[in-house]
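Visitor: Got a predicted structure here, sequence first:
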Amino acid sequence: MRRAAMASGVALVVIGLAGCGAVDRGAAFADQFRPFLDGRDAVEESSISVGGGALPFTGSADVTVTLVDDLSDVEIVREAWEITAHEVDDQVGYGLEVRFAAENREGECTITAFSLQVLEAAPDDDELRDDIADRVDHARAFAALGTGPSEVEADGSANTLTTRADALAVAAAACEDEDLVESLESLTVAGTLPTGAGSGSDTTSEATIRGFGDCSWVPDATAVLQAIGDLGPVGTYSVAFNGYLERPQLSVSLVPGTVIDPAAPLAIAADLGVELLFS
C-alpha cells in the first residue's frame with residue numbers, strides 16, 4: 001500500500017543564518033548551482049529562475065529539474081535528495097520542482113512532478129529521504145488519474161493535472177483515493193469536456209479543490225452539469241470549492257449560439273447546494 005504522502009511544499013529543513021556574500025544572492029546562487037545540475041547524469045534538463053531580495057545580499061530562486069526516464073523510485077529519491085543536499089557559497093532558499101516519467105490511467109507515459117521547499121542544504125537524514133519517497137508515491141498516483149497526454153505540475157502545495165479526461169471525473173477519482181486526498185492541499189484539473197471533445201481554450205473543463213475534506217459535492221456538480229448538457233451543448237465549465245466559499249461554484253459557458261431555459265438546472269443546483277453561474 002502506498003505510504004500516506006505529506007502535503008507538497010512543506011519545508012524540508014530549518015532555516016539557517018545567511019552571511020554576507022554577493023549583493024544579488026539569487027543570481028549568484030544560480031550561477032553556482034547550474035553547473036552542478038548540468039553535471040548530473042540523471043538530470044535531463046534544468047532551469048533556474050531567480051528573484052532579488054528586498055535587501056542587499058538576499059535573494060531567492062526556483063529550480064526545476066527533469067530527470068531521465070529510466071530511473072527507479074529509489075534512484076529518483078536519491079537524486080532529489082542529493083540535489084537538496086548540495087550547497088554553494090551563495091546559498092539561498094529555493095523552491096525545487098522535480099519532474100519525472102510516470103504512467104497515466106491508460107498505461108501511457110506522462111510527466112509528473114513533486115515540489116520541495118529547500119531553506120538550506122539538507123542534512124544526511126533518512127527521515128528526509130522518506131519524505132521525498134512519499135512525494136514520489138503521491139506524484140505517481142496523481143499522474144495515474146489522467147488519460148491521454150497528461151502532465152502534472154507541482155507548485156508548493158498547489159498541484160495541477162492537465163489531461164484529456166473530464167475534470168470533474170478526475171476530481172471524483174482523486175476523492176476516492178484516501179492517501180492522495182490526505183496528501184493534497186490543492187488540486188486543479190484542466191481537461192476536456194465530458195464528451196471528450198476539444199482541448200483548446202473554447203472547449204475545456206476545469207475543477208479546483210482546496211482542502212479536500214468532504215468530496216460529496218463533486219457528484220452534485222456533475223449532476224448539475226449533466227442537467228445543462230441535456231438542454232444544450234456546454235462549451236466550457238469551471239468548478240471550484242475551497243474554504244472561502246460557502247458552497248461549490250460552477251461556472252458554465254454554452255457553445256456560441258446555444259439558447260436554453262436555465263430555470264431547471266438552476267433549480268437543481270439550488271437543491272443540491274451548488275452555486276451555478278452562466279457566463
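Guide: In hand now; what should we look at?

Visitor: Excluding residues flanking it in the chain, which one is nearest Ser47?
Guide: Excluding the flanking residues, the one nearest Ser47 by C-beta to C-beta, 6 or more residues apart in numbering is Thr64, at 5.0 Å. Using the backbone N, CA and C atoms, a C-beta is placed for each residue, glycine as well.

Visitor: helix or strand for the one you found, which one?
Guide: strand 59-67 (DSSP states H and E).

Visitor: Neighbouring strands of that strand in the sheet, and parallel or not?
Guide: Counting by DSSP bridges, the strands paired with strand 59-67 are strand 43-52 (antiparallel), strand 94-103 (parallel).

Visitor: and those strands, which one is worst for confidence?
Guide: Note on the strands paired with strand 59-67: lowest mean pLDDT is at strand 43-52, with a mean of 90.

Visitor: thinking again about what came up before, for the strand holding Thr64, list the C-alpha coordinates in PDB.
Guide: Output of strand 59-67 as PDB, limited to C-alpha atoms (Å, rounded to 0.1, in the frame of the first residue of the first chain):
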ATOM      1  CA  GLY A  59      17.600  36.600  -2.900                       C
ATOM      2  CA  SER A  60      15.600  33.500  -3.800                       C
ATOM      3  CA  ALA A  61      15.300  31.000  -6.600                       C
ATOM      4  CA  ASP A  62      13.000  28.500  -8.200                       C
ATOM      5  CA  VAL A  63      14.700  25.400  -9.600                       C
ATOM      6  CA  THR A  64      13.100  22.900 -12.000                       C
ATOM      7  CA  VAL A  65      14.800  19.600 -12.900                       C
ATOM      8  CA  THR A  66      13.500  16.900 -15.300                       C
ATOM      9  CA  LEU A  67      15.000  13.500 -14.700                       C
END
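
Visitor: Using PDB, write down the CA coordinates of the next helix or strand after it.
Guide: Going down the chain from strand 59-67, the next helix or strand is helix 73-85, by DSSP H and E. Included here for helix 73-85 are C-alpha records, laid out as PDB according to Å, rounded to 0.1, in the frame of the first residue of the first chain:
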ATOM      1  CA  ASP A  73      11.800   5.300  -7.500                       C
ATOM      2  CA  VAL A  74      14.900   4.600  -5.300                       C
ATOM      3  CA  GLU A  75      17.000   6.400  -7.800                       C
ATOM      4  CA  ILE A  76      14.600   9.300  -8.000                       C
ATOM      5  CA  VAL A  77      14.600   9.700  -4.300                       C
ATOM      6  CA  ARG A  78      18.400   9.600  -4.200                       C
ATOM      7  CA  GLU A  79      18.700  12.200  -7.000                       C
ATOM      8  CA  ALA A  80      16.300  14.600  -5.400                       C
ATOM      9  CA  TRP A  81      18.000  14.300  -2.000                       C
ATOM     10  CA  GLU A  82      21.500  14.800  -3.400                       C
ATOM     11  CA  ILE A  83      20.200  18.000  -5.200                       C
ATOM     12  CA  THR A  84      18.800  19.400  -2.000                       C
ATOM     13  CA  ALA A  85      21.900  18.400  -0.100                       C
END
